[in-house]
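*Asks:* Sequence and predicted model, in that order:
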Amino acid sequence: MNLTNNFDKIMRVNDFNESEKVESVEQYAGNSNARNISFLQASGDTLFISYSNLVSGEFSIESSIIILRFVYYTITLKGENLVALFSNLQRHMVSQVNVVDSRFSVLRSTGDPAVTEIIVERNF
């Protein structure tokens with residue numbers, strides 16, 4: 001086996017899949033070294049944080065809540081079908097998370113993640 005073939009196989013597995021894109025989540029189209037994640041509230045308020053400040057993440061499948069602990073912030077995401085979102089957050093592929101009004105959840109494709117609430121807490 002040669003190293004080039006192994007690298008090519010790894011890159012094909014890790015490449016962004018356009019079908020993973022959903023309404024309340026925007027993802028990076030390719031690989032990059034510096035990544036930020038933005039959280040957009042229904043009011044229009046936005047916070048962006050560098051992924052390098054992400055310390056840990058938790059996902060409760062029962063309550064459909066994701067908790068992201070950054071150095072200076074704790075972000076809680078509440079919604080529906082958040083399994084794929086949590087997986088993409090682990091891989092630093094999500095560039096923006098938008099709140100989706102729960103009234104419009106019937107317009108989403110079945111199984112697509114929808115973040116209905118973003119709670120931002122400062123740790124300082």
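*Replies:* In hand now; what should we look at?
*Asks:* Assign Asp112 to helix, strand or coil.
*Replies:* coil (DSSP: H, G, I helix; E, B strand; the rest coil).
*Asks:* For it, grab the count of nearby residues.
*Replies:* Per other CB atoms under 10 Å, the neighbour tally for Asp112 reads 18. Any C-beta I mention is one placed from the backbone N, CA and C, and that applies to glycine too.
*Asks:* Equivalent analysis for Ala114, please.
*Replies:* If you count neighbours by other CB under 10 Å, Ala114 ends up with 24.
*Asks:* before we move on, what about Asn53?
*Replies:* When counting by other CB under 10 Å, one arrives at 14 neighbours for Asn53.
*Asks:* swap in the one 4 residues further on?
*Replies:* Burial of Gly57, expressed as a neighbour count using other CB under 10 Å, amounts to 15.
*Asks:* And for Asp101?
*Replies:* Counted with other CB under 10 Å, residues neighbouring Asp101 total 10.
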